[in-house]
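1. got a predicted structure plus its sequence, pasted below:
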Amino acid sequence: MKGNASITIDQLIAVAEARNGYPLTPNQKQAIKHGDGPLAIVAGPGAGKTEVLVLRALRLMCCDQVHPRSIILTTFTEKAARNLQDRIANTHLALTAKHQQLSSIDTSEARIGTLHSICNDVLQEYRFPAYQNVRLLDQAEADLFKFRKLKLEDKHKDALFGLFRATFGNYPRNKIPKWGWVDSFATTSSRAYEDLVDFGAMKAKGGHWLAFAELCEVYEKLLSEEHSSDFTQLLRTFLAFLNSPKGAAFLKGESTPSFERPPVRHVLVDEYQDTNVIQEAIYLSLGREAPHNVCIVGDDDQALYRFRGGSVECMVGFADRCMSQWRQPCTTIYLSENFRSHKDIVKFCNTFIRSFPAMQEKGARIAGKPELISSVDRGSGHPAVSHCRGKTVADCASSFATLVRDIKKHGVVEDYSQCVLLLHSAKESPRNAGPFADALRSHNVPIYNPRSGSFLEAEEVRQFLGAFVSVVDPGLTVASALQSPTILAEIQSWVGAYSQLAKSATSLRSYVEKSASAIQAKDKGDTVAPAFGSILYRILAHDPFVGYQQDFVRDQRLSKLTRWFEAFSAQYGRSLIMSKEEDSQLSGFWLNGLYYGLCGQAVRDGLNDDEDDETIVPRGHFPIMTIHQAKGLEFDFVFVGNLGGTVSPGASHEVEHSLRPFRSNGTRSNHTVDSLAWQDEIRLHYVAYSRAKYALVLLATEAQLRKKGSETASFGGNGGSWVKQDVQLL
Amino acid sequence: MWKNFSSIKLAASTSAPVKRRYSITADILAYERCSLQYGLFAARKYEPALAVQIFYGTVIHQVLDRAHAHFHGDIEGKAKGSLPSNADIDEYFNEVRNALNSRQIRASEAVREQALTVLKRFNALEGPTLYPRVLDTECRLQTDQQTYVLHGNVDVLAETAGVPKGEKGVEIWDYKGTKRPSLAAPDYDQYVFQMQVYAELYKRRTGTYPTRAILYFLNELSGDHEPKARPTNAVLVVKIDQAEVAKAIASFSATVSQIESCKSTQKWSDPKHPPPLETCNACDARWNCEAARKMKRTYKMLIP
């Protein structure tokens, strides 16, 4: 930033209001105007928090002349970060049109991103020794790394099974597959690291705890030997960096002769309700210099990510942390005006969240939080909150699909993408999205459901994988010896799909047969190809894959397959080498890695289509989403289905509870696991219901509506009878 | 049932255009080289099968980055102001190589040997005069261009030798793991273009242009005999001229518009000029490339 360019906060607000066409509320203005010191902005759904965050960041740059590089702004996803960058840049353009002196400010210099991306960038920028030349593994690759590298001894298995039984579902000890152990370790070790547990105390406890702590050390050592890191270790490394001399230079800034590296002066954190303990420690470290300019934004009622380590208690207890850490009071500003939803939806949400005893417990919500206030006119001639019921889920789904088709047909909505169906899981199985997806399809409503988990069922995916397996393991010689019937069945079905295709795709068949023969003709230990990925592209060069690539959705799936194999290559090798022991077949290590590792992972998790990182929902399509997916979004019509589920603690609650004695700071609450399960389930429904702008439609069966408020979190504290009585039936 | 809602008519909203990030090397030059290949890998996100080029470029840049850090006292146990020895270069080379190997990115012995040789020669030949002048390395620069964000990584910022005291003269260095292209080669113009864009990025960050840009072609240091002085062809000095920089930025923006248009229609047109032959020869999509066929470049399917 150059020159002495600034405007007043009132000038900033005036431009923003003129651009938006509506005034900011007094509380929004107060949040923008707040000076130095910690600030908590508690913003209910639809309260315009993003606008406040954008204007607060611009106020720092344009009014206070804070160097953009001195500002760190984190949010939950890369998509949300890009959205924030765009909004800041576009509002800055509007400001520059009126106040040209601001044109020298380059807002793109502010560090805006997910906390992980910012940590990764800063560690690289400052060449932190522990993070030099490190490959950052994404979740799937980190799991594959554990699968390949971790050698679990009996004592480790005993520890995992003895301490964290809930992570194994209903498996008996002797039936747990390797992926089950890997999953359990992935879940529990991440949580232990994220909760900043005291591993020393854990070791001192001995027994299973000692074995678990040692296993964590083994994992860290393996990562280090392989120059790799995962998301959790990245945060640990960053915390260590902040406490190092290089970290001090980053925080305090330094001047190099070429240009200045400004200090960190402001930290703004969006979606703070889903922050975990280690992230909280990072934010408090980033803001440790007085006057502690850490501004958090979020809504404790919308916390959704305990299963990934999120700790709503960080948000609920932020003011206390400021006091205990810095002896500094935190200013709390509530944004309660709701500019999203019809007044009846707002009323429904207010009633819902307060109706449960679990939400009245101390520490469940921020104390003294006001109710949402309806602040937008969404008409009055229609039922804003309604329900649709039937004897069976299929009945509900059929009524729902008819309604969706008709509101589009009769112009109530212009496009299907203005609506959404929200479910706990979008997997297209009979107990989840299956009946609704079927009903929509039978009404000719095009669906957008990237998290259907049906990636592996797509024709082009099965044919492609079948062709590849037919090249590398002709006749399934190695696959036939697999110990896992599930994996074998999956592979056989791919080959079946390919064989069917090969009847007409003669050129492809010829390539596959010739290639398989060529491999079989090689000598033991020979290198067949330096990069097996080349085979993927040779398969893609044949029909029907050439044609498939003209279709956007199919092309995306084939592209994803090439990336999926890259994660595997990075772990198991790129070159194709013949077995040194067996005649006419590829290396057993590689093929078994492919089958047990990659295929095993896919069969276990199911693969999803990629989500477009720019478009929320493609026009012309009706979205089916998980409630987590809908975080931060809004739709004109929101349908919520599969209601009435019972509430019981999940593995994440149990793990959190087990690790509680070793937590080295007091951030986590001391609620019982049952209370935590209830609170999380209530928040999940609250998020779903508060996405609606004009209409919220609950889809439930008669049986579901008979559930009491003590059995399900779907219908408020008074249960389904309240919905039947007070919510209009369509 | 729908009649419950007949009192409302809700129009679909249009979403605001997305501002994307573009880099000179990963986007603009890649698109100019072959729009189809760029569409395949950068836009449609297919993963390339071959990673050999990644090895050479990564090793060159990361070892030199460590050599600079060594001289500036940023590496534990190495005295500030000391030149890295050949043993130090070996050590840094092995660190980078091991990290790449752990990603299963490997290179043949010949490629490794060549990289190590040119790095040692560069260190011995240029280190004594360059390292003391280095101000910063691997600088990430970016700037908002209203419809997109332009970003780039500058290898080295160095004080310009011979600038009178009190006047600040900073030059940009960019390392290339290749031989110097001929004047007529398309690469030549692209390298110059790249330096002009970096000059603009630097100016946006600091308010002034760099004095000049230096392209250093490390493979000019390869061969049987170790050069005793800098080979003439190792360096290409790019003068920074405001008008030329403005032209480069306009050209950058024009290419961004073309890419945006391809992205929105999801149609990637044939490259305007034939890509270098080695680009096609190494392309994963060459087996079925209509554009290559039109240029009489045909590739017989390999087995497997």
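-> All right, it came through fine. Numbers count the residues shown, from 1 in each chain, chains lettered A, B, ... in the order given.

2. tell me the contacts of the closest residue to A:Asp583 other than its chain neighbours?
-> Nearest non-adjacent residue to A:Asp583, counting by C-beta to C-beta, 6 or more residues apart in numbering or on different chains: A:Lys524, 6.9 Å away. Just so you know, the C-beta spots here come from the backbone N, C-alpha and C atoms, and that holds for glycine as well. A:Lys524 makes contact with A:578-583, according to C-beta atoms under 8 Å, 6 or more residues apart in numbering or on different chains.

3. how far does the helix or strand containing A:Cys388 sit from its chain's centre?
-> Using DSSP states H and E, A:Cys388 sits within strand A:385-390. Centroid displacement of strand A:385-390 relative to its chain, using C-alpha atoms, centre = their mean, to the nearest Å, is 30 Å.

4. residues of it that come out buried?
-> For strand A:385-390, the neighbour count (16 or more other C-beta atoms under 10 Å in any protein chain shown) marks A:385-390 as buried.

5. which of those are close to chain B?
-> Checking these against chain B by C-beta under 8 Å from any C-beta of the partner chain, the ones in range are A:386, A:388.

6. give me the low-pLDDT residue ranges for chain B?
-> Under the criterion pLDDT under 70, the flagged ranges of chain B are B:51-53, B:164-167.

7. could you confirm whether the biggest helix by length in it reaches chain A?
-> Ordering each helix of chain B by length in residues (DSSP state H) puts helix B:242-265 first. No. For a cut-off given as C-beta under 8 Å from any C-beta, helix B:242-265 has no contacts with chain A; the smallest distance is 9.2 Å.

8. quick one: name whatever helix or strand follows that helix.
-> Counting by DSSP H and E, the next helix or strand C-terminal to helix B:242-265 is helix B:277-281.

9. name the residues that touch whichever helix or strand comes after that following helix?
-> The first helix or strand that comes after helix B:277-281 along the chain, using DSSP H and E, is helix B:290-294. For helix B:290-294, contacts defined as C-beta under 8 Å, 6+ apart pick out B:34, B:36, B:270-271, B:280, B:283, B:286, B:298-299.

10. now the strands for the stretch 301-450 of chain A?
-> Using DSSP state E, counting those that start in this stretch, the strands of the stretch 301-450 of chain A run over A:331-335, A:337-338, A:373-374, A:385-390, A:419-423, A:447-448.

11. how much space between the residue nearest to A:Asp583 and B:Ala107?
-> According to C-beta to C-beta, to the nearest Å, A:Lys524 stands 25 Å off from B:Ala107.

12. cool, and A:Thr25?
-> Distance, A:Thr25 to B:Ala107, by C-beta to C-beta: 61 Å.

13. check B:Leu83 too.
-> Going from B:Leu83 to B:Ala107 by C-beta to C-beta gives 26 Å.

14. in a helix, that's where A:Ser584 is, yeah?
-> No. Counting by DSSP: H, G, I helix; E, B strand; the rest coil, A:Ser584 falls outside a helix, being coil.

15. so it touches A:Asp523, yeah?
-> No. Checked against C-beta atoms under 8 Å, the pair A:Ser584 and A:Asp523 is beyond contact range at 9.5 Å.

16. tell me which of these two has more neighbours.
-> A:Ser584 (16 against 8; other C-beta atoms under 10 Å in any protein chain shown).

17. coming back round to it: packing partners of the strand holding A:Cys388?
-> On a contact count with 3 or more C-beta pairs under 8 Å, 6 or more residues apart in numbering or on different chains; DSSP states H and E, strand A:385-390 meets helix A:343-354, helix A:393-409, strand A:692-701, helix A:702-705, strand A:728-729.

18. quick one: these as CSV, columns for mean neighbour count, mean pLDDT and distance to chain B too.
-> As requested, the helices and strands packed on strand A:385-390 are exported to CSV (neighbours: other C-beta atoms under 10 Å in any protein chain shown; pLDDT from 0 to 100; distance: least, C-beta to the nearest C-beta, whole Å):
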stretch, mean neighbour count, mean pLDDT, distance to chain B
helix A:343-354, 21, 97, 13
helix A:393-409, 20, 97, 4
strand A:692-701, 26, 98, 6
helix A:702-705, 18, 97, 18
strand A:728-729, 12, 96, 8
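
19. nearest to B:Ala26, out of the ones you listed?
-> Nearest to B:Ala26 among those is strand A:692-701 (39.3 Å), distances taken as C-beta to C-beta.

20. which one, of the helices and strands packed on strand A:385-390, ends up nearest to B:Gln196?
-> B:Gln196 lies closest to strand A:692-701 among the helices and strands packed on strand A:385-390, at 48.6 Å (C-beta to C-beta).

21. can you list the strands that the closest one pairs with?
-> The strands that strand A:692-701 pairs with in its sheet are strand A:385-390 (parallel), strand A:635-640 (parallel) (by DSSP bridges).
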